[in-house]
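>>> here is a sequence with its predicted model. Questions after.
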Amino acid sequence: MTFSEKMLEAAQEGAVLLKNENQTLPLTSSDTVSVFGRMQFDFYRSGTGSGGSVHVPYITNLTDSLIDLENAGSSAKINRELAQTYRNWIKDNPFDNGTGWATEPFTQKDMEISDSLAADCAKKSGKALYVIGRLAGEDRDFVNEKGSWLLSDTERKNISVLCKAFEKLVIVFNTCGIMDTAWINDAEFKNHIQSVIYVWHGGQEGGRAAANVLTGKACPSGKLTDTIALTLEDYPSTGNFAKEKNYYKEDIYVGYRYFSTFAKDKVLFPFGFGLSYAKFELGEPSLSLTGEVTSPKGDAKITVKVSVKNVSKDFAGKEIVQLYYKAPSAPLQTPSRQLAAFAKTKLLQPGQSETLEISFDLARMISYDDSGVTENPYSWILQAGEYKVYAGTDVATAKEVTLNGKSAVTLPSLVVIEKCEQAGAPTENFKRLSQVSGGSEGKASATEEDVPLSKVDLAARIKAHLPKELSYTGNKGITFEDVKKDRSRLNDFIAQLNPDELATMIRGEGMLSRKVTPGIAAAFGGLSNILHDTYKIPCAGCSDGPSGIRLDTGTEANLMPIGTQLACSWNLPLIQELYVYEGKELAANKIDALLGPGMNIHRNPLNGRNFEYFSEDPLLTGLVACAEIEGIHEGGSNATVKHYALNSQETARRKADAIVSERALREIYLKGFEIAVKGRTLNSIMTSYNPIQGHWAASNYEVVNSILRQEWGYTGLVMTDWWCSMNDCVDKSFLSVKNTSSMVRAGTDVYMVVDNDGAGRNSYGDNINESLEKGKFTLGELQLAVIHILNFILDAPVSKRPLGDLINVVSVEPSSEALSGLETIKGETEFVPAENKEYCLELEEDGIYSVCGTICKVENTVSQSSTIIFINDKPQASFECRTTNARDVFVNGTQLKMKKGKYKIRMEHTKAGIELKKLKFTTFNFNPVSAGYLE
């Protein structure tokens with residue numbers, strides 16, 4: 001199977017069918033279908049920002065894919081006249097990419113459907129599809145407005161017109177997350193909207209996958225990983241979303257945990273819900289229990305066996321069986337339902353059965369006592385009482401499975417599974433959601449209680465955990481090559497490095513460093529001449545993800561379905577298989593880590609970056625992440641999970657303070673990361689931008705050091721998000737990109753990123769050396785960070801390759817074309833290029849040329865855009881443009897080995913709003929100051 005075929009399979013399995021009446025779907029060869037909505041052609045393939053910036057080799061859309069199936073004689077007839085009408089309209093109403101970073105509209109302008117057009121189409125076709133698209137992403141949350149979370153006026157009017165003309169209307173959501181869906185039950189719509197399906201953003205195969213599912217070539221088997229509520233206000237986090245001071249008042253009651261406890265009547269489609277064209281029957285489940293339930297390890301095992309039979313006559317399909325539990329709710333309150341385990345059947349033919357055996361340890365049902373209400377403060381515990389287990393195909397309809405007519409487990413007394421130190425608790429009081437005891441299930445009365453506050457003496461804790469210092473030895477002739485042969489020499493190797501050399505190691509360079517694969521996000525490791533040439537430390541490189549490789553040179557890479565769609569497949573083996581291909585593509589491009597998976601919790605459906613993440617549930621999040629991590633590793637590279645932690649919104653993401661109870665922090669927002677860390681393959685983590693309890697994530701000692709490193713035992717690499725700020729680990733002072741001593745003290749190893757070629761000269765002027773000299777920071781802490789970095793590099797693909805030159809210089813041959821008629825630029829002439837205009841560059845001698853220039857970006861925002869220079873129709877150089885505060889900034893794109901001759905060149909901006917004011921191909925020793933590019 002090829003990468004494309006595996007992407008197609010994954011996109012198909014992630015589609016979620018929510019409604020299907022009167023056998024409206026699948027479309028059959030006897031149907032004639034009219035497809036409405038411009039998104040049938042401008043089919044979204046990913047959310048925006050770094051997670052979706054992949055230069056794909058091809059794209060697919062819905063209608064052309066449906067026509068391909070029709071032409072193959074295996075599907076419905078498509079109304080070609082209507083399709084052409086939309087093609088013509090789109091020519092006059094081109095796709096709106098926005099004016100710059102994070103300015104893409106939530107939805108594209110759509111053609112208004114007239115009553116006459118709908119009536120005419122209804123004469124030719126018995127069914128209609130209406131495609132609704134939504135787009136959000138990095139730095140851009142959805143908003144509770146028309147055309148974003150809500151239908152636009154045009155969409156609502158179009159749906160009304162279609163419902164009047166058609167008896168069978170299918171709504172297709174080409175969205176990067178859930179949106180308001182309750183309108184499908186409006187009186188004027190519900191008898192006409194026969195089918196509703198989320199096909200999400202399926203990557204480059206998304207259009208073909210959607211067509212295959214709609215026509216029955218693939219049978220939908222996805223299930224929701226989020227609750228779709230009746231209104232946005234029904235989500236308990238909405239009142240505290242998109243604020244700079246963000247109180248997580250809903251506490252542990254996130255998503256279905258809230259609705260199953262307090263508001264089951266506010267649910268439109270429950271967590272875990274999804275239909276199929278096939279029909280399945282579950283046999284009577286049986287439950288068994290092995291091991292000692294009072295074991296302090298919590299290793300007693302619960303196993304549920306259940307048979308699944310496909311009782312349909314016409315369709316093969318897959319079903320997902322989900323297990324939930326209800327733990328005792330006194331004295332420590334617990335939600336009414338929590339996911340315990342799940343399994344997906346193989347493809348069952350009509351009449352075929354499969355018996356699933358689903359197991360989980362008793363420890364999966366633990367709760368964290370952050371208040372001491374159980375007399376075991378700061379502990380993971382199993383409370384005394386009855387533990388009930390439920391089996392079914394969604395959280396709302398799962399039925400209890402008993403053991404000899406009784407609850408699955410009854411504990412005679414409380415069991416402490418793990419005693420922890422208080423860590424990550426808030427320092428500011430607020431009220432959190434709580435239950436009034438005695439309420440009925442799903443309709444508990446809500447009250448509030450004070451959140452337990454931190455009692456930690458951070459300064460004392462840090463002092464007690466300072467690492468030992470390695471005595472500085474100077475250069476003893478030990479190289480990185482020696483450490484590769486004998487890893488026990490790592491400490492002796494690091495002891496040779498002086499503070500300047502160690503400090504260089506904790507700085508990453510980028511974006512678009514010439515020391516690693518061109519166009520990727522960062523380089524780190526042996527970035528200076530002495531580290532690389534004397535000590536032989538290679539430069540490792542990492543690339544944006546998580547759904548594909550971002551190469552800002554324009555080099556093509558494959559774009560997989562978004563994270564939410566993959567999670568909706570509930571198919572862990574399939575996800576792992578998919579990411580094996582991704583790992584192979586990373587290795588082929590000499591990339592040591594993908595910046596993904598993203599695994600923050602879907603706290604609120606408005607979060608623009610939810611598409612990179614998986615679910616409102618931490619267990620599902622952790623297990624899907626593990627599948628991706630294992631796949632990438634098997635393919636030959638590494639994953640970097642992000643964003644640790646609580647990146648629950650993009651609004652004010654660099655300063656939105658997450659104020660959350662320690663219990664919710666551990667049970668909901670860190671649990672997925674914990675599962676990934678304890679999977680033992682993970683060796684790279686990225687922190688988030690935001691503060692947590694007032695401490696910015698990269699310098700949050702309790703979250704990174706106390707919990708991740710000391711408690712979970714993580715010894716791998718931790719990097720910051722790009723251009724983040726840090727503040728003091730104790731008193732929260734000195735918030736700055738320069739405060740890397742607090743970053744390292746907190747347990748974060750690499751600052752991402754300083755300017756290219758800036759690590760050795762400390763281009764950001766960070767405070768590492770100053771803090772060492774003043775005794776505010778220890779050499780042992782700095783050495784430990786370098787140990788983590790070098791351990792990663794030792795296991796990375798770069799260490800398996802021969803050590804190359806520090807800076808990559810690519811050779812480019814003159815054009816074989818005549819290039820007549822093009823404006824000629826004599827090298828080394830400075831000129832102002834027009835975008836996408838082709839020029840003839842004429843070089844008069846062989847040499848190594850620096851591709852450099854002056855760039856300006858008007859808006860004062862941090863973004864990740866670039867300008868690509870194509871030479872002979874191939875991307876060969878690129879300029880990173882983050883922000884210039886509307887000032888002219890000198891940029892050096894790359895060095896190229898070029899011969900005397902003529903070259904065809906052109907320039908292309910990846911995002912609007914960038915101005916390239918000067919471009920020059922000049923000799924390698926070019927001095928930008930003397931040339932007037934820099935003051």
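Cool, got the structure. Residues are numbered from 1 along each chain as shown.
>>> ranges for the strands of the stretch 151-300 of the chain?
Here the stretch 151-300 of the chain has its strands, by DSSP state E, counting those that start in this stretch, at 169-174, 193-198, 228-229, 245-247, 267-269, 280-282, 286-290.
>>> measure residue 7 to residue 559 for me?
8 Å (Cβ to Cβ, to the nearest Å). Any C-beta I mention is one placed from the backbone N, CA and C, and that applies to glycine too.
>>> anything in contact with each of those two?
203, 204 (Cβ atoms under 8 Å, 6 or more residues apart in numbering).
>>> coming back round to it: and of the strands of the stretch 151-300 of the chain, who's closest to residue 685?
strand 245-247 (22.1 Å; Cβ to Cβ).
>>> in that closest one, what's buried?
246, 247 (16 or more other Cβ atoms under 10 Å).
>>> likewise stretch 345-360?
345, 348, 354, 356, 358, 360.
>>> now do it: distance to the chain's middle.
In terms of Cα atoms, centre = their mean, to the nearest Å, the centre of stretch 345-360 is found 31 Å from the chain centre.
>>> show me where the stretch 801-935 of the chain has its strands.
For the stretch 801-935 of the chain, applying DSSP E, counting those that start in this stretch gives strands covering 810-812, 823-826, 839-843, 847-857, 865-871, 874-881, 889-898, 901-909, 914-923.
>>> now those as TSV including distance to residue 281, mean neighbour count and mean pLDDT?
Formatted as TSV, the strands of the stretch 801-935 of the chain follow (distance: least, Cβ to Cβ, whole Å; neighbours: other Cβ atoms under 10 Å; pLDDT from 0 to 100):
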stretch	distance to residue 281	mean neighbour count	mean pLDDT
strand 810-812	61	14	92
strand 823-826	72	14	95
strand 839-843	68	20	97
strand 847-857	60	22	88
strand 865-871	53	23	86
strand 874-881	55	23	83
strand 889-898	62	21	84
strand 901-909	56	19	93
strand 914-923	58	19	88
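>>> dump those strands into JSON lines; add distance to residue 742 as well.
As requested, the strands of the stretch 801-935 of the chain are exported to JSON lines (distance: least, Cβ to Cβ, whole Å):
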{"stretch": "strand 810-812", "distance to residue 742": "39"}
{"stretch": "strand 823-826", "distance to residue 742": "48"}
{"stretch": "strand 839-843", "distance to residue 742": "47"}
{"stretch": "strand 847-857", "distance to residue 742": "29"}
{"stretch": "strand 865-871", "distance to residue 742": "29"}
{"stretch": "strand 874-881", "distance to residue 742": "26"}
{"stretch": "strand 889-898", "distance to residue 742": "28"}
{"stretch": "strand 901-909", "distance to residue 742": "36"}
{"stretch": "strand 914-923", "distance to residue 742": "33"}
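>>> out of the ones you listed, which is closest to residue 475?
strand 889-898 (29.0 Å).
>>> got phi/psi on residue 504?
phi -60, psi -40 (degrees, to the nearest 10).
>>> of all the strands of the stretch 151-300 of the chain, which one comes closest to residue 219?
strand 280-282 (11.1 Å).
>>> next, the buried residues of that closest one.
280, 282.
>>> parallel or antiparallel, which strands does that strand pair with?
strand 301-310 (antiparallel) (DSSP bridges).
>>> other residues contacting whichever helix or strand comes after the strand it pairs with?
The helix or strand immediately downstream of strand 301-310 is strand 320-326, counting by DSSP states H and E. Outside strand 320-326, the residues within contact range by Cβ under 8 Å, 6+ apart are 221, 223, 272, 274, 282, 304, 306, 308, 334-345, 356, 358, 360, 364-365, 387-395, 398, 408, 570.
>>> what about residue 71, distance to residue 65?
For residue 71 relative to residue 65 (Cβ to Cβ), the value is 11 Å.
>>> those two: who's more crowded?
Set side by side, residue 71 and residue 65 show more neighbours around residue 65, with 23 against 10, by other Cβ atoms under 10 Å.
>>> surely the more buried one is in contact with residue 213?
No - Residue 65 is beyond contact range of residue 213, at 10.6 Å (criterion: Cβ atoms under 8 Å).
>>> the contacts of strand 320-326 in strands, which ones?
282, 304, 306, 308, 338-344, 356, 358, 360, 387-392 (DSSP state E).
>>> ok, which stretches of the stretch 651-800 of the chain are strands?
Going by DSSP E, counting those that start in this stretch, the stretch 651-800 of the chain shows strands at 657-659, 684-687, 691-692, 695-696, 717-719, 751-754.
>>> can you put the ones you listed in a markdown table and add mean pLDDT and distance to residue 188?
Below are those laid out as a markdown table (pLDDT from 0 to 100; distance: least, Cβ to Cβ, whole Å):
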| stretch | mean pLDDT | distance to residue 188 |
| --- | --- | --- |
| strand 657-659 | 98 | 42 |
| strand 684-687 | 98 | 47 |
| strand 691-692 | 98 | 46 |
| strand 695-696 | 98 | 50 |
| strand 717-719 | 98 | 52 |
| strand 751-754 | 96 | 52 |
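>>> could you dump those into JSON lines with mean neighbour count and distance to residue 106 added?
Below are the strands of the stretch 651-800 of the chain laid out as JSON lines (neighbours: other Cβ atoms under 10 Å; distance: least, Cβ to Cβ, whole Å):
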{"stretch": "strand 657-659", "mean neighbour count": "23", "distance to residue 106": "25"}
{"stretch": "strand 684-687", "mean neighbour count": "26", "distance to residue 106": "27"}
{"stretch": "strand 691-692", "mean neighbour count": "26", "distance to residue 106": "28"}
{"stretch": "strand 695-696", "mean neighbour count": "27", "distance to residue 106": "29"}
{"stretch": "strand 717-719", "mean neighbour count": "28", "distance to residue 106": "31"}
{"stretch": "strand 751-754", "mean neighbour count": "26", "distance to residue 106": "29"}
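>>> including distance to residue 300, could those go into CSV?
Formatted as CSV, the strands of the stretch 651-800 of the chain follow (distance: least, Cβ to Cβ, whole Å):
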stretch, distance to residue 300
strand 657-659, 35
strand 684-687, 31
strand 691-692, 34
strand 695-696, 38
strand 717-719, 34
strand 751-754, 43
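>>> between the ones you listed, which gets nearest to residue 192?
strand 657-659 (43.4 Å).
>>> counting contacts, what elements does the closest one pack onto?
Using 3 or more Cβ pairs under 8 Å, 6 or more residues apart in numbering; DSSP states H and E, the elements in contact with strand 657-659 are strand 245-247, strand 691-692.
>>> mind checking how far the shortest one is from the chain centre?
I take that to be strand 691-692. Distance, centroid of strand 691-692 to centroid of chain: 19 Å (Cα atoms, centre = their mean).
>>> not counting sequence-adjacent ones, nearest residue to residue 610?
residue 177 (4.5 Å; Cβ to Cβ, 6 or more residues apart in numbering).
>>> how close does the one you found get to residue 136?
Where residue 136 is concerned, residue 177 sits at a distance of 7 Å (Cβ to Cβ).
>>> and residue 499, how many neighbours?
If you count neighbours by other Cβ under 10 Å, residue 499 ends up with 15.
>>> so what's it up against?
Here residue 499 is in contact with 768, 769, 772, 779, 782 (criterion: Cβ under 8 Å, 6+ apart).
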